[in-house]
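**Student:** Sequence and predicted model, in that order:
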Amino acid sequence: MRHFKNLLKILTRLVLVTVVTILSAEGIVRSTAFLWSDYGAYYFSYGLAGLSGNLGISPWSTHTGEYYKFPPNYQLKGAAGQAAEVASINSLGFRGPDFQPNKPRGTFRIVCLGESSTFGYRNSDGGTYPIQLQKILRQTSGDAKVEVINAGFPYYNSGSISALLREEISRYDPDVITLYSAFNDAAWPLKINFPARVVFWVQEHSAVYLALKETLHTDKFFVRLMSKIARRLRPKTVNYEPFKAEIEQVALRYRKNVESIIKFAKEKGIATVLIKQPMTAQNSKSGGRTSYEAEYQAVMEKFRASAALLFNQLLLIKHHRLIEELGKIAKEEGLPIVDNIAIVDRNGGGLASWVHLTEEANLRLAEAIKSAVEPYLKKRSAQAPLRNAVSVR
């Protein structure tokens, strides 16, 4: 009995010391980051919804098809993935300048739907592709009433995008929506087990975890770590058939969501432009990167040979399948599709990470989207005199 009591005391003290250590570390990291980021509240109030509003950069909620928004008029400083760039959130919780929820008369409104590569991780406020698209369209059309809204959010997948479109974006009366999403759909598993849920909870609430992840989890570090894990833990023989079946289930989930987005937009009289999203499994800092298709074929050759593959290489296989599916959907629905994979390949780069674009690459994408949406803009302009003539009568 005495031994049991002593053991209980030791365990109690251990738990208390652990809790105090964790809380102290959280306090130190939050306070230091608050000062370091010029009083930015991102780390200081990270995971504390009561203090930061519905900040919730929540991978868990997006996995279940939900969506989150940023707090109104928020300045995202020193954020994970954002590096030194500040992301300005408007009064409606989107990145970019304010806009009127009730579309002003004569305005041609485009809403860019997507994930963090649309939001513009690693980009300045003026360097995202939606804001560059607006600038280009206003210059070339001479119409200051062309408006482009950035409705991209980190961790969003096609399910989150569909929910956002139905619940909110449709109220803003867009003329055109663009869809730029595949990476997160490929990354999210079909089911998440309990250990993974614990990791996500920690990721959503711990500033210490986030700080360590951002300082240690560089592309180069990730490649080295995953290489070691693959060599030691991954079996030499990869079972192709179960993985192939999983890929098809992921593709089916993606198709269902994308078709839902297109159908809803069509019912509301909104035109849809699809975009092929590039990615790479290679270290973003390494030189001599091959094209998307060449990289995919090289990974598939290893896969068929039962060689050990990294997580991002397996992710590339899933991503490639989703891009194929997006092409099929565009053909079936007769929709324009912007091939940003080809654009990035032609220019010998443009990826700032596995999937995020540099500002120069965003400009090239904006120019390509401009060509895809111009017919809709011209159609609106051609119809305008007709509507004015009718109203005069």
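**Tutor:** Right, received. Where do you want to start? Residues are numbered from 1 along each chain as shown.
**Student:** what's near enough to touch Ala25?
**Tutor:** By C-beta atoms under 8 Å, 6 or more residues apart in numbering, Ala25 lies in contact with Val208. For every residue, glycine as well, the C-beta is placed using N, CA and C.
**Student:** Just confirm it is within a strand.
**Tutor:** No. Under DSSP: H, G, I helix; E, B strand; the rest coil, Ala25 falls outside any strand and is assigned helix.
**Student:** From Lys77, how far off is it?
**Tutor:** Using C-beta to C-beta, to the nearest Å, Ala25 is found at 21 Å from Lys77.
**Student:** now do Leu23
**Tutor:** In this view, Leu23 and Lys77 are 24 Å apart by C-beta to C-beta.
**Student:** And the two? Which one has more around it.
**Tutor:** Applying other C-beta atoms under 10 Å to Leu23 and Lys77 shows that Lys77 carries more neighbours, namely 21 against 10.
**Student:** Domain ranges for this protein, per the record?
**Tutor:** 2-36, 44-385 (automatic domain parsing).
**Student:** got TSV for those, with mean pLDDT too?
**Tutor:** Shown next, in TSV, are the domains of the chain (pLDDT from 0 to 100):
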stretch	mean pLDDT
domain 2-36	78
domain 44-385	84
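**Student:** Could you single out the most deeply buried of those?
**Tutor:** With neighbours taken as mean count of other C-beta atoms under 10 Å, these reach their highest mean count in domain 44-385, at a mean of 18.
**Student:** Distance from the chain centre to that one, please.
**Tutor:** Domain 44-385 has its C-alpha centroid displaced from the chain centroid by 3 Å (C-alpha atoms, centre = their mean, to the nearest Å).
**Student:** heads up, I number from 782, so please use that
**Tutor:** Done: numbering now begins at 782, and the last item shifts to domain 825-1166.
**Student:** for this protein, what spans make up the strands?
**Tutor:** Here the chain has its strands, by DSSP state E, at 856-857, 868-869, 889-895, 927-933, 957-961, 1052-1057, 1118-1120.
**Student:** Which among those is found nearest to Leu788?
**Tutor:** Among the strands of the chain, strand 856-857 comes nearest to Leu788, with 47.2 Å by C-beta to C-beta.
**Student:** just checking, what packs against the closest one?
**Tutor:** Judged by 3 or more C-beta pairs under 8 Å, 6 or more residues apart in numbering; DSSP states H and E, the packing partners of strand 856-857 are strand 868-869.
**Student:** could you dump the strands of the chain to CSV with distance to Val810?
**Tutor:** Formatted as CSV, the strands of the chain follow (distance: least, C-beta to C-beta, whole Å):
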stretch, distance to Val810
strand 856-857, 18
strand 868-869, 21
strand 889-895, 30
strand 927-933, 28
strand 957-961, 33
strand 1052-1057, 37
strand 1118-1120, 41
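**Student:** Quick one: closest of the ones you listed to Ile1104.
**Tutor:** Ile1104 lies closest, by C-beta to C-beta, to one member of the strands of the chain: strand 1052-1057, at 5.5 Å.
**Student:** What strands line up against that closest one, and which way round?
**Tutor:** strand 957-961 (parallel), strand 1118-1120 (parallel) (DSSP bridges).
**Student:** okay, the ones you listed in TSV with distance to Ile1150 next?
**Tutor:** Compiled in TSV, the strands paired with strand 1052-1057 are given as follows (distance: least, C-beta to C-beta, whole Å):
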stretch	distance to Ile1150
strand 957-961	6
strand 1118-1120	6
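**Student:** which stretch among those strands comes nearest Thr899?
**Tutor:** strand 957-961 (5.1 Å).
**Student:** Could you figure out how far that closest one is turned away from strand 927-933?
**Tutor:** 30 degrees (axes from the mean of the first three to the mean of the last three C-alpha atoms, to 10 degrees).
**Student:** how long is stretch 968-982 end to end?
**Tutor:** Terminal residues of stretch 968-982 lie 18 Å apart, using C-alpha to C-alpha, to the nearest Å.
**Student:** same question, stretch 951-969
**Tutor:** First residue to last in stretch 951-969 (C-alpha to C-alpha) measures 26 Å.
**Student:** hey, where'd the helices end up in the stretch 782-931 of the chain?
**Tutor:** For the stretch 782-931 of the chain, applying DSSP state H, counting those that start in this stretch gives helices covering 783-817, 822-825, 830-833, 840-844, 897-900, 910-922.
**Student:** before we move on, the earlier item: the strands of the chain: which one's closest to Leu1138?
**Tutor:** Among the strands of the chain, strand 957-961 comes nearest to Leu1138, with 9.9 Å by C-beta to C-beta.
**Student:** now that closest one against helix 910-922, angle please.
**Tutor:** Going by the same axes, to 10 degrees, strand 957-961 makes 140 degrees with helix 910-922.
**Student:** relative to strand 889-895, how tilted is strand 957-961?
**Tutor:** Using the same axes, to 10 degrees: strand 957-961 against strand 889-895 is 20 degrees.
**Student:** Contacts for strand 957-961, please.
**Tutor:** Contact with strand 957-961 is made by 890-896, 898-899, 933, 939, 942, 946, 950, 1039, 1042, 1046, 1051-1056, 1058, 1119, 1121, 1150, 1153-1154, 1157, as judged by C-beta under 8 Å, 6+ apart.
**Student:** CA atoms only: put that strand into PDB for me.
**Tutor:** This file holds the C-alpha atoms of strand 957-961, laid out as PDB (Å, rounded to 0.1, in the frame of the first residue of the first chain):
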ATOM      1  CA  VAL A 957     -17.500  34.100 -62.300                       C
ATOM      2  CA  ILE A 958     -15.900  31.800 -59.900                       C
ATOM      3  CA  THR A 959     -12.500  30.200 -60.300                       C
ATOM      4  CA  LEU A 960     -11.500  26.900 -58.700                       C
ATOM      5  CA  TYR A 961      -7.900  26.200 -57.800                       C
END
